[in-house]
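Student: structure, please.
(2 chains)
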Amino acid sequence: MAQAEAFETDFWKDANLRKMWDDIVPGEPRKTIPYVLTQEAIALYCKSVGETHPLYFDEAYAKTTPYGGLIAPPSIHILLMFSCTPADDWMRSPGTVNAGQSWSYNIPARPNDTITLQARALDKFIKRERLFVVHDNVFFNQRGEVICSGRGWTIRPQ
Amino acid sequence: MTTTFEGLKAGDGIEGPSFAVSRESIRLFCDASLDYNPLHLDDNYMKGNFGKTNFGGIIMHGMNNFGLISRMITDWAYPAGAIHRRLETRWVKPVRPGDTIQPMGVIKSKQETAKSRWVLIDVLVRNQRGDKVATGEAMVEFPRPA
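Tutor: Below is the predicted model of the structure:
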């Protein structure tokens, strides 16, 4: 899998470089990196959740739809969250538990889009002895158009 | 029968895809999402405690639930010319290898705004024992005919 080879899959490796709950400053932007979304990456994501709609695979079909060509499923932001952030991003800290997320969708991501991310922690709090961070994220395409925006609640490792 | 905004009413159901969770499906989701958190990979790590929680073994990514719900919504919306606009989810119970999960939706309400029409859908995911593992709400836009 080409994309996985270029990506550090051992999340322990840079664990000491990542911010702990105490260090995370709500409002401070996270470092992000542009990412070219390939058809191959879309296909692999689709396979992992059983997506089979021809809008994601069949260009001839997709051209006949209002979308005018191939698109990625809306939930492709699940991949983009990790592909647009560096290895020392705190979302990779081992033991990070996802408590919930909300996402709004504007326009679809498409194969060969160069995706950028603006992201930050928005809030942090303690509830029932658990350390929470709320993060917000906006993904853009190469024309600066918003693809989707989302907010997530994670429980941080202690 | 084609789904239309006019024809929908509160209580109408949407059935999502059944999904068999295995160590292989979780590993595939790691490769597809690039989320290699040891929660999803490392049995030894998962023997430990997470605050007050002990999962007892590797668990499926919460976002795998999210992807399945999203798939259900888009597969329902596309044939109607409708657009998946929002999904909010909370994880209620961990999902483990060997579980079979299935999302479903129930139309909660419809609303018209100045420029479009919207359907709110309560969503949930159950495992093979009928336990809720995820709950949430989706919003689908039904643009007015031109």
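
Student: and residue B:116, how far from residue B:140?
Tutor: 11 Å (C-beta to C-beta, to the nearest Å). The way it works is simple: take the backbone N, C-alpha and C, and place the C-beta from them, glycine included.

Student: the more surrounded of the two?
Tutor: Of the pair residue B:116 and residue B:140, residue B:140 is the one with more neighbours under other C-beta atoms under 10 Å in any protein chain shown, namely 27 against 14.

Student: three-state assignment of the more buried one?
Tutor: With DSSP: H, G, I helix; E, B strand; the rest coil as the basis, residue B:140 sits in strand.

Student: residue 79 - how many residues pack around it?
Tutor: Picking chain A for this. 27.

Student: chain B was what I was after
Tutor: Per other C-beta under 10 Å, the neighbour tally for residue B:79 reads 9.

Student: got the phi/psi numbers for it?
Tutor: Torsion angles at residue B:79 (phi, psi; degrees, to the nearest 10) stand at phi -60, psi -20.

Student: quick one, strands of chain A?
Tutor: Along chain A, the stretches classed as strands by DSSP state E are A:35-36, A:97-105, A:114-127, A:130-140, A:146-155.

Student: sorry, that was for chain B
Tutor: All strands of chain B, identified by DSSP E, fall at B:13-15, B:19-20, B:83-91, B:100-112, B:117-126, B:132-141.

Student: how about a markdown table for these, with distance to residue A:113 and mean pLDDT added?
Tutor: As requested, the strands of chain B are exported to a markdown table (distance: least, C-beta to C-beta, whole Å; pLDDT from 0 to 100):
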| stretch | distance to residue A:113 | mean pLDDT |
| --- | --- | --- |
| strand B:13-15 | 29 | 97 |
| strand B:19-20 | 27 | 98 |
| strand B:83-91 | 18 | 97 |
| strand B:100-112 | 27 | 98 |
| strand B:117-126 | 27 | 98 |
| strand B:132-141 | 22 | 98 |
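
Student: present those strands as TSV; the columns should include distance to chain A.
Tutor: Listed next are the strands of chain B as TSV, based on distance: least, C-beta to the nearest C-beta, whole Å:
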stretch	distance to chain A
strand B:13-15	14
strand B:19-20	6
strand B:83-91	4
strand B:100-112	11
strand B:117-126	12
strand B:132-141	8
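
Student: how near is residue B:72 to residue B:14?
Tutor: From residue B:72 to residue B:14 the distance is 6 Å (C-beta to C-beta).

Student: shared neighbours, these two?
Tutor: B:104-105 (C-beta atoms under 8 Å, 6 or more residues apart in numbering or on different chains).

Student: what's near enough to touch residue A:148?
Tutor: The contact partners of residue A:148, by C-beta under 8 Å, 6+ apart, come to A:74, A:77, A:103-106, A:109, A:138-139.

Student: so it bridges to which residues?
Tutor: With DSSP bridges as the criterion, residue A:148 is bridged to residue A:105, residue A:139.

Student: helices along chain A, start to end?
Tutor: Using DSSP state H, the helices of chain A run over A:2-5, A:39-49, A:59-63, A:77-83.

Student: and those, which one averages the lowest pLDDT?
Tutor: Of all those, the minimum mean pLDDT falls on helix A:2-5 (a mean of 47).

Student: can I assume residue A:66 is in contact with residue B:81?
Tutor: Yes: between residue A:66 and residue B:81 there is a contact under C-beta atoms under 8 Å: 7.4 Å.

Student: more neighbours: the two, which one.
Tutor: For the pair residue A:66 and residue B:81, the greater number of neighbours falls to residue B:81 (16 against 8), based on other C-beta under 10 Å.

Student: tell me what residue A:101 is bridged to.
Tutor: Here residue A:101 sits in beta bridges with residue A:152, residue B:89, going by DSSP bridges.

Student: now for it: which residues touch it?
Tutor: A:150-153, B:62-63, B:66, B:88-89.

Student: pLDDT score assigned to the residue of chain A positioned farthest from its centre?
Tutor: The centre of chain A is farthest from one residue, residue A:64, which by C-alpha atoms, centre = their mean lies 28.9 Å away. On pLDDT, residue A:64 comes in at 97.
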